[in-house]
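> What follows is a predicted structure for the sequence shown.
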Amino acid sequence: MEQVEKMPETEIAEQKSKSLWVHAFYQLISDPFAKVSFIIVALYALVAILSGFDIIAGNWDVQFGEGYSAPSWQHIFGTDLFGRSVFLKTVKGTEVAMSVGLVTAIISMIIGVTLGATAGYFGGKVDEFIVWFYTTVTSIPYIMLLVAITFILGKGLIAVYLALGLSSWVNLCRLIRGEVIRHKDREYVHAASAIGANEFTKLFKHIVPNVLHIVIINFSLQFQVAIKSEVILSYLGLGVQGRPSWGTMINDAKQELAQGVWWQLAAATLAMFVVVLSLNILGDALRDALDPKLKGKK
């Protein structure tokens, strides 16, 4: 009888979770800034996919004219030292930026959710070890940690993925740990125990879905942080090799400014500015729509 009475608690939790997502969806589609930002990010993603298959910008390394030709109707962002189209290089750089943002955010999400949920749910020595571990990681300056990992792994896109992913999971881990601690003693978790659910099921089937909004918000924020970090690494010469990157374009442009050649710097910074701004607006909209605490204040 006790099991039968407690079963509805899990169903109530699931219904609340579904209503949160439905409300968040309608709130997002009613926000014009969020819709425009989503469209811009989707366009960048489409450009990155098409560029990855060389459907567009596959000829970025072809010489189209004289070196350092100023922007014109033929070449909207002019040409670089070797007569290559700066516009095509910028488009090809979108592939690097979006892939780094996506892969890094996924790696960060997997590590952060796994460690944070494990620490919060099991507590004790497990919690102490994980807290000690991420406290140690945060004590190292972010850029120094990033550069150190890149030096160990070497240069290249895979190294950038791993360096950024392995150095950016701590904030999500801390947030998930706190939320799991708050949720693990709630009625729907006890109800799951009453019907015979094991620890893994209670943690990842019942608790984690109820803190998924934090993961999604953090994912959008980490995406844009990864793009900016990749630009920094490439600017320092530790990032992508053998293909265009906004960071390498900015690095090349620092010597060109003295010659009055500004268009490569403008193209790379404009492309980065638009996508980062759109991701910021979209991230704020997701936070407003998905965070129950903010709903309670309105």
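Ah, there it is.
> ok, longest helix in the chain?
Looking across the chain with DSSP state H, the single longest helix is helix 86-122.
> Quick one: residues contacting the spatially most central residue of the chain.
Taking CA atoms, centre = their mean as the criterion, F223 is the residue nearest the geometric centre of the chain, at 1.9 Å. The contact partners of F223, by CB atoms under 8 Å, 6 or more residues apart in numbering, come to 101-102, 104-105, 279. Where you see a C-beta, it was placed from the backbone N, CA and C, and this is true even at glycine.
> Most neighbours among those, please name it.
G101 (29 neighbours; other CB atoms under 10 Å).
> what pLDDT does that one get?
Note for G101: predicted pLDDT of 93.
> Now it: closest residue in space that isn't a chain neighbour?
F223 (4.2 Å; CB to CB, 6 or more residues apart in numbering).
> The host helix or strand of the one you found: which residues count as buried?
Applying DSSP states H and E as the criterion places F223 in helix 212-235. For helix 212-235, the neighbour count (16 or more other CB atoms under 10 Å) marks 213-227, 229-231, 233-235 as buried.
> for the record, mean pLDDT for it?
For helix 212-235, the per-residue pLDDT averages 89.
> Next: stretch 284-298.
Mean predicted confidence for stretch 284-298 is 67.
> Do a quick rundown of the strands in the protein.
Assigned strands in the chain: none (criterion: DSSP state E).
> Pass me the low-pLDDT residue ranges in it, would you?
Low-confidence segments of the chain (pLDDT under 70): 1-21, 291-298.
> Tell me which stretches of it form helices.
2-29, 32-52, 86-122, 124-138, 142-153, 157-166, 170-183, 187-194, 199-201, 212-235, 246-256, 263-290, 292-297.
> chain center to the helix holding F223: distance?
Taking the mean of its C-alpha atoms, helix 212-235 sits 3 Å from the chain's own mean (CA atoms, centre = their mean, to the nearest Å).
> Which residues are in contact with I250?
Here I250 is in contact with 231, 235, 265, 268-269 (CB under 8 Å, 6+ apart).
> Settle this for me: V86 is touching S69, isn't it.
No: counting by CB atoms under 8 Å, V86 stays clear of S69, with 9.3 Å between them.
> Which of those two has more residues huddled nearby?
A side-by-side neighbour count of V86 and S69, using other CB under 10 Å, places V86 first with 27 against 18.
> which residue packs closest to the more buried one, ignoring adjacent ones?
Closest to V86 by CB to CB, 6+ apart is F77, at 3.9 Å.
> That neighbour - how many residues pack around it?
Residues lying near F77 (other CB under 10 Å) number 22.
> Report the separation between it and L221.
Distance of F77 to L221, computed by CB to CB, to the nearest Å: 29 Å.
> do the same with Q259
Counting by CB to CB - Q259 and L221 are separated by 38 Å.
> Look up phi and psi at R243.
phi -150, psi 160 (degrees, to the nearest 10).
> What separation do you get for it and G65?
R243 is 21 Å from G65, by CB to CB.
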